[in-house]
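no sequence for this one, just the structure:
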């Protein structure tokens, strides 16, 4: 299977000596010696859309039938209907493990559960193991004695002031991975999740081992029969009938690196996720679709503006009023303000292109179309029983052939401070499936606020 040109460009950028040196102190950074190690393959399964509770309802059946190990990584943890469902599944898993007379290892990793927890959390990246005595009071989980079939360990990592560990993923028996956009939390937001099998599952495990397990892999040795089965299922990044993919970590950075409004925006850290997204946006030839909870990262806005200047059509779906206080604190602005600035700059560019034309041939370069919509819940008559009130999906599609899913928002916090994780998929068929599923799910949930004339 030939490599997509974008993969070649990404690997070239990621191998730059300055890029590698800038990641020397990052944790994790195991890929810096060989960025091509992030190249992988997968077999995408179900792509689910709905609320966080809906998403977990689709994942939990796989958790309930685990035989050896569950790795569950989330950012926010809160008492919620989602947590209630998860607890029910853990009880079922414990009971089946007792019946098989073989415990299941369960590793739960999170970053934030309350303001108090974050204020007094250790700043060490070793994190904090939550004692079993505090599972019920702090996390709303059953007492240890109520889950006798599970070897359960819970760990949290958070670094003040803004460095949450934002990835969300679940790995079951190291055979299947789920990449949701939602947390174990109460928000009724519009979310997505992709199920993945193949060699990419090993990438999720490697990331977890390097950061959450601190490379103490000896403590997580799988039974021989599963190790053999997992090794067989991982396969090669070039397996036939699998989708090429790039695993894209983005380590946290504690320093906010703020800049004032009259200063040029500080270049974002060249993490694999940041480098890939900027490379993809700059290489787009026909179209860019982006659905993001917020849009305040100036590097992204500049890349989108450069794309429409090249004649690329750009469509954005975002949220008008999601986490505005957080946006002001981390970005000094809001999505609504940044959207208005983008529109104003677009109109200026469009006018300039209109002035630069040949009297006989017309405009020398067509400005791409810009379309921006805000997510809005369906009307009461059309709404579902648990209608999502905001959009929390993170999705970018380039030229209808490259798809990026994961935890990263197009806001300043994700680009400069938070730990993030994304996956890029290189497949026209997969891009078509994702965009069509999203089109159906988003019907009646968009409010068009700007569209330029072609």
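Alright, I've got the coordinates. What you are looking at is a predicted structure, and each value in this text was computed from that prediction instead of being measured. Numbering: from 1, shown residues only.

Count the neighbours of residue 143 for me.
10 (other C-beta atoms under 10 Å). C-beta: built from backbone N, CA, C; applies to glycine.

The helix or strand hosting residue 46: what's the following helix or strand?
Per DSSP states H and E, residue 46 falls inside strand 39-50. Note on strand 39-50: by DSSP H and E, the next helix or strand toward the C-terminus is helix 52-64.

That next one: which residues count as buried?
Buried residues in helix 52-64, counted by 16 or more other C-beta atoms under 10 Å: 52, 53, 54, 55, 56, 57, 58, 59, 60, 62, 63, 64.

and it, what other elements does it pack with?
strand 39-50, helix 81-100, strand 169-172, strand 176-180, strand 189-197 (3 or more C-beta pairs under 8 Å, 6 or more residues apart in numbering; DSSP states H and E).

Any chance you could list what contacts that helix?
With C-beta atoms under 8 Å, 6 or more residues apart in numbering as the test, helix 52-64 has contacts from 46, 48, 70, 72, 80-82, 85-86, 88-90, 92-93, 96, 170, 172, 176, 178, 180-185, 187-189, 191-193, 386, 392.

so what strands line up beside the helix or strand following that helix?
Remark: after helix 52-64, the chain's next helix or strand is strand 69-73, criterion DSSP H and E. According to DSSP bridges, strand 69-73 has the following sheet partners: strand 104-110 (parallel), strand 169-172 (antiparallel).

Adding mean pLDDT and mean neighbour count, write the ones you listed out as JSON lines.
Shown next, in JSON lines, are these (pLDDT from 0 to 100; neighbours: other C-beta atoms under 10 Å):
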{"stretch": "strand 104-110", "mean pLDDT": "98", "mean neighbour count": "22"}
{"stretch": "strand 169-172", "mean pLDDT": "99", "mean neighbour count": "22"}
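
May I see the ones you listed organised as a markdown table, with distance to residue 439 added?
Shown next, in a markdown table, are the strands paired with strand 69-73 (distance: least, C-beta to C-beta, whole Å):
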| stretch | distance to residue 439 |
| --- | --- |
| strand 104-110 | 33 |
| strand 169-172 | 26 |
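
Residue 35 is nearest to which of the ones you listed?
Nearest to residue 35, of all the strands paired with strand 69-73, is strand 169-172, at 20.7 Å by C-beta to C-beta.

Across the sheet, point out what pairs with residue 42.
Beta-bridge partners of residue 42, as defined by DSSP bridges: residue 243.

cool, and residue 76?
Here residue 76, judged by DSSP bridges, has bridge partners residue 112.

Residue 139 is in contact with that one, correct?
No: counting by C-beta atoms under 8 Å, residue 76 does not reach residue 139; the two are 11.8 Å apart.

Give me the common contacts of these two.
residue 113.

tell me the domain ranges of this protein?
The record's domain parsing of the chain by the TED database lists 44-217, 250-356+364-451.

can you put these in CSV and add distance to residue 24?
Output for the domains of the chain, formatted as CSV (distance: least, C-beta to C-beta, whole Å):
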stretch, distance to residue 24
domain 44-217, 15
domain 250-356+364-451, 11
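
What are the phi and psi values at the residue nearest to residue 321 when sequence neighbours are not counted?
In this structure, residue 321 finds its nearest non-sequential neighbour in residue 336, 7.4 Å apart by C-beta to C-beta, 6 or more residues apart in numbering. Note on residue 336: its backbone torsions stand at phi -60, psi -40 [degrees, to the nearest 10].

I'd guessed residue 336 sits against residue 322; true?
No: with contact defined as C-beta under 8 Å, residue 336 does not count as touching residue 322 (10.2 Å).

Compare neighbour counts for the two and give me the winner.
residue 322 (23 against 19).

which residues touch the more buried one?
So residue 322 contacts 293, 294, 335, 390, 391, 392 (C-beta under 8 Å, 6+ apart).

Over to residue 316?
Residue 316 touches 289, 290, 291, 292, 295, 304, 339, 370, 371, 372, 373, counting by C-beta under 8 Å, 6+ apart.

now do residue 368
307, 308, 309, 310, 311, 312, 313, 314.

Identify each buried residue in stretch 391-402, please.
391, 392, 393, 394, 395, 396, 397, 398, 399, 401, 402.

I meant stretch 26-42, not that one.
Along stretch 26-42, these residues count as buried under the neighbour rule (16+ other C-beta under 10 Å): 26, 28, 29, 30, 31, 32, 35, 38, 39, 40, 41, 42.

pLDDT of that stretch, averaged?
The average of the pLDDT scores along stretch 26-42 is 96.

do the same with stretch 269-283
For stretch 269-283, the per-residue pLDDT averages 98.

Okay, and residue 205 sits in which element?
helix 200-211.

Could you check the angle that helix makes with strand 39-50?
Orientation check (axes from the mean of the first three to the mean of the last three C-alpha atoms, to 10 degrees): helix 200-211 against strand 39-50 gives 90 degrees.

now for helix 200-211, which elements pack on it?
Helix 200-211 packs on strand 39-50, strand 69-73, strand 169-172, strand 176-180, helix 224-234, strand 243-250, going by 3+ C-beta pairs under 8 Å, 6+ apart.

related to what we said a few turns ago, now do the strand holding residue 46 and helix 52-64, the angle between them.
Going by the same axes, to 10 degrees, strand 39-50 makes 130 degrees with helix 52-64.

which residues of the protein fall in helices?
Secondary structure of the chain, counting by DSSP state H: helices at 5-14, 17-22, 52-64, 81-100, 115-119, 200-211, 224-234, 272-283, 298-309, 324-331, 335-355, 412-416, 428-441.
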